[in-house]
Each structure stands twice: as structure tokens, then as C-alpha cells.
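1. okay, here's the prediction I keep looking at, along with the sequence it came from:
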Amino acid sequence: MKKTLKKNIGLLHLWLGLGSGLIVFIAALTGSILVFEKEIDKAVHPEYYNVATIGTTKKPIDYCTDMLEKHYSIKKITRIYTFNDPSRTMQILAKDSDKKAQFFSIDPYTGKVLASTPQERRFFVVVLAIHRQLLLGDFGEILTGTSCLIFVFMLISGIVLWWPKKIKNLKQRLTVKWGASFKRVNWDFHSTFGFYSFLILLLISLTGLSFAFNWFQNGIYFLADGTTTKPSAKVENPTKTDPKLNHTAFYQSIYNATDSIFPYKGNIQIRMPSDTINSILVLKEYSEKTIPNQSSAAYFDKYTAEEIEARPYEAFSKGDKIRRLNYPIHTGSIYGLPTKILAFIVSLFALTLPITGLLIWLGKKKKTAVK
């Protein structure tokens, strides 16, 4: 019975691997590139990240947005990124008169626009779209999500198939016989390094499922909080119509209030609502925390800039905190450079799995044909 079960697992491993191989290859390739997104983008486009000269005093945020609107056909500011590091630029995402997103880099000491580009043309925006949707929209997201789910099965079934019948043969399975035939080396490479990278690839895949499927994310909340009902990340705006107040420091007042509510060092991100119902969301990240993506949230009236609600990170539920760990685990940034390098290496190995797996199948098919 065990032999039959293992045979059936082997057949599923084979055919699911052949069916999802191309998508797994694309996801692994783009994923390995995205691991060092910030480092690569900063090296290629330093004007989006650092000012030429660090000044003594930063201009008010509204001065910078006014300069931007004055020289560019900006209709709506959507996001403002400010950084605690004095050498960093301010980054602004805005929509132009054609409702297309534009990404700007601004010197916070002078208000000068240092660089701009359409958001959709940014290299890593395109790579991310391929990684998550294959440039096929919602259908592509279903394909990548399903392939990720299959890959989780492939990892677990691969361990089952790799595991030796006798423990005394375990040591033999832990090494690659580099001097053997190509067929044997290929099999050893596929299975042995698959074993060594199993845990990390499983973590990357499971966190990927959280981005792909709501049911998986709901499962995380249920296990952590005992309920799938989670607090909304949006807060309805109390003021329903624009009173046309004369705000000369609208964004700056929101920034200052957030800094006062959460009196610790950290980058601040202002997110304007994409609809007509909800309020402004401001996130302040803990710069001194070892693990990234730990941010407190505050909500402000989009017309009056008055504070509506504050949600410190410490008050978030266990489910919320686990969800915020998804991104740093998935990208390998959770413990900085060492885990990034590890994620990069196993992602490169993952893209070889469909290839080596295909070669194993072709070898067996050829052997069957000869018989």
C-alpha cells in the first residue's frame, strides 16, 4: 500500500510539475531579481534615492508638492514617501491630467524635482507585474497563485519521494555524485539541493499564497486570532464635502501630527484615498526595529487634515502582525542582507527545478521507449 501511495504521489509530482513548470520558472526568475530590488534600483537610478547635498533645513512638504504641481500637469497626489535618513530624497506618486501614475524624486531641502518617470515604465514595477500576474491581469494572478499552490505540493511530495526506504541510505541522498553520469548528476542536483532548500522555499511559497488568495490570508487570521473577521485598513472620512479651507500646510500638518502621535524615529508614508469615501492613511515605520514592515497607522480627514484615529503597531492583533511579516519573509529582507542572499540563492535554484525535472522525465521516457 505504501508503495502504491508513493507511486501515485510520484505521478502527481511529475504531471503537476510539467504543467506548472514554465510559470514556476518565471516566478522564480523574477522573484530572484526582486530580492535585491532596492539595491539594484538605487545603483542604477541614484537620483531617486539620494540628494547631491544635504541641507540644513527641509522645506515643508506642501512647498514640494506645490513646486511639483507648478511645473508638471499633476491632478492628484496619491502617495508621499518621506525618510528619516537626511541623505534621502522625498518620493511622490501622483496622477497626471491623463490619470496616469507618475513617480517623482524631490530634493526635500530645495523642493526641486530631481527625476520623474511613468510608474508603469519603472523596471521593477514591470518585473513585479510579471511575478504576480504574468502581465495578464486577474487571470494571470490566478495562474501564478495556482502554480504557487502546486509548488507547495511539489516541495512536500518531493521530500516524500526523496526520503530513502532505509535510514542507512540517508547519507548517500545528502550528496551529489559529481563524477557520475549526467543523468545521475541531474537527478542528484534536483533532489539533493531540493532537500537543502526545502524549508526556505516552503516559507517563500506559503507567504506567496497569502498575497494570491484571500482564503489563505483568512486562514492565517483564524489560526492567530480565532476569527477571519479582521479590522478594516480603511476608515471612512467623517467630512463628506470639501469645506474649501485655506490650508497652506496641509500635508505638513499631517506629517507633524503623525510624528507627535508616534514619537519614535521612522519613515513616514502618506496615502491619499483612491475613492471618495475613505480618509487619509499615514504609516510610520519603526526604523530602529530589526524586522522591517512594522508600522503604526494614523488616519486623517482628507479635507480638514484633522486626526480621526491612531493605531499603534503594538495594538495590532497577532494576525495583523503575522500578515505584516509576509512581505519581509517572502522577499528575504526579514533579517537584512544575510537572508536576502539566502532567498536569492534558493530562488535561483528554484528556477532550475522545472528544467532538471523535465530532463528526469525525458530520461525516463527515453528509457521506456528503448525497452
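-> Done, it's in. Residues are numbered from 1 along each chain as shown.
2. ok, now which ones touch Glu229?
-> Actually, residue 229 is Thr rather than Glu. Tyr221 (CB atoms under 8 Å, 6 or more residues apart in numbering). C-beta: built from backbone N, CA, C; applies to glycine.
3. Validate this expectation: it resides in a strand.
-> No: counting by DSSP: H, G, I helix; E, B strand; the rest coil, one finds Thr229 to be coil, located in no strand.
4. dihedrals phi and psi, it?
-> Per-residue torsions, Thr229: phi -80, psi 110 (degrees, to the nearest 10).
5. any idea how far Pro60 is from it?
-> Thr229 sits 40 Å away from Pro60, going by CB to CB, to the nearest Å.
6. how about Lys244?
-> 21 Å.
7. who has more neighbours, the two?
-> Counting neighbours by other CB atoms under 10 Å for Lys244 and for Pro60 shows that Pro60 has the greater number, 19 against 7.
8. now the more buried one, nearest residue through space, not along the chain?
-> Gln252 (4.4 Å; CB to CB, 6 or more residues apart in numbering).
9. right, and that neighbour touches Cys64 too?
-> No: using CB atoms under 8 Å, Gln252 is not in contact with Cys64, being 9.5 Å away.
10. the residue nearest to Pro60: which element?
-> Here Gln252, judged by DSSP states H and E, is contained in helix 250-261.
11. in that helix, what counts as buried?
-> 250-255, 257-259, 261 (16 or more other CB atoms under 10 Å).
12. how far off centre is the next helix or strand after that helix?
-> Counting by DSSP H and E, the next helix or strand C-terminal to helix 250-261 is strand 268-271. When distances are taken as CA atoms, centre = their mean, to the nearest Å, strand 268-271 is centred 18 Å away from the chain's centroid.
13. could you list every helix and strand that strand 268-271 packs against?
-> For strand 268-271, the packing partners by 3 or more CB pairs under 8 Å, 6 or more residues apart in numbering; DSSP states H and E come out as strand 74-82, helix 250-261, strand 280-285.
14. what's in contact with the shortest one?
-> Residues outside strand 280-285 that contact it (CB under 8 Å, 6+ apart) are 233-235, 254-255, 258-259, 262, 264, 266-273, 292-302, 305.
15. and it, average pLDDT?
-> If you average the pLDDT over strand 280-285, you get 97.
16. helices and strands around the following helix or strand past it, which ones?
-> Beyond strand 280-285 on the C-terminal side, the first helix or strand identified by DSSP H and E is strand 295-300. Packing contacts for strand 295-300, counted by 3+ CB pairs under 8 Å, 6+ apart, involve helix 250-261, strand 280-285, strand 307-311.
17. quick check: angle from the longest one to strand 295-300?
-> Right, helix 250-261. For helix 250-261 against strand 295-300, the angle by axes from the mean of the first three to the mean of the last three CA atoms, to 10 degrees is 130 degrees.
18. can you spell out which helices and strands pack onto helix 250-261?
-> helix 61-71, strand 74-82, strand 268-271, strand 280-285, strand 295-300, strand 307-311.
19. now tabulate those in TSV and tack on mean neighbour count.
-> Output for the helices and strands packed on helix 250-261, formatted as TSV (neighbours: other CB atoms under 10 Å):
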stretch	mean neighbour count
helix 61-71	18
strand 74-82	18
strand 268-271	20
strand 280-285	22
strand 295-300	23
strand 307-311	16
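20. that older thread, compare the helices and strands packed on strand 295-300 and give me the one nearest Ser147.
-> strand 280-285 (31.1 Å; CB to CB).
21. can you state the direction angle for the closest one and helix 250-261?
-> Going by the same axes, to 10 degrees, strand 280-285 makes 50 degrees with helix 250-261.
22. could we number from 34 for the rest of this?
-> Noted, 34 is the first residue going forward, which turns the last one into strand 313-318.
23. starting at the chain centroid, how far to strand 313-318?
-> 18 Å.
24. what sits against the residue nearest in space to the middle of the chain?
-> For the chain, the residue nearest the mean C-alpha position is Tyr360 (4.7 Å; CA atoms, centre = their mean). Contact analysis of Tyr360 by CB under 8 Å, 6+ apart lists 240, 326, 366.
25. in what helix or strand does it lie?
-> Assigned by DSSP H and E, Tyr360 belongs to helix 351-364.
26. what's the average pLDDT for that helix?
-> According to the model, helix 351-364 has a mean pLDDT of 94.
27. what do you get for stretch 257-270?
-> 90.
28. now do the buried residues in that stretch.
-> Neighbour-count burial for stretch 257-270 [16+ other CB under 10 Å]: 257, 263, 268, 270.
29. now swap in stretch 69-78 and tell me
-> So, applying 16+ other CB under 10 Å, buried residues of stretch 69-78: Phe69.
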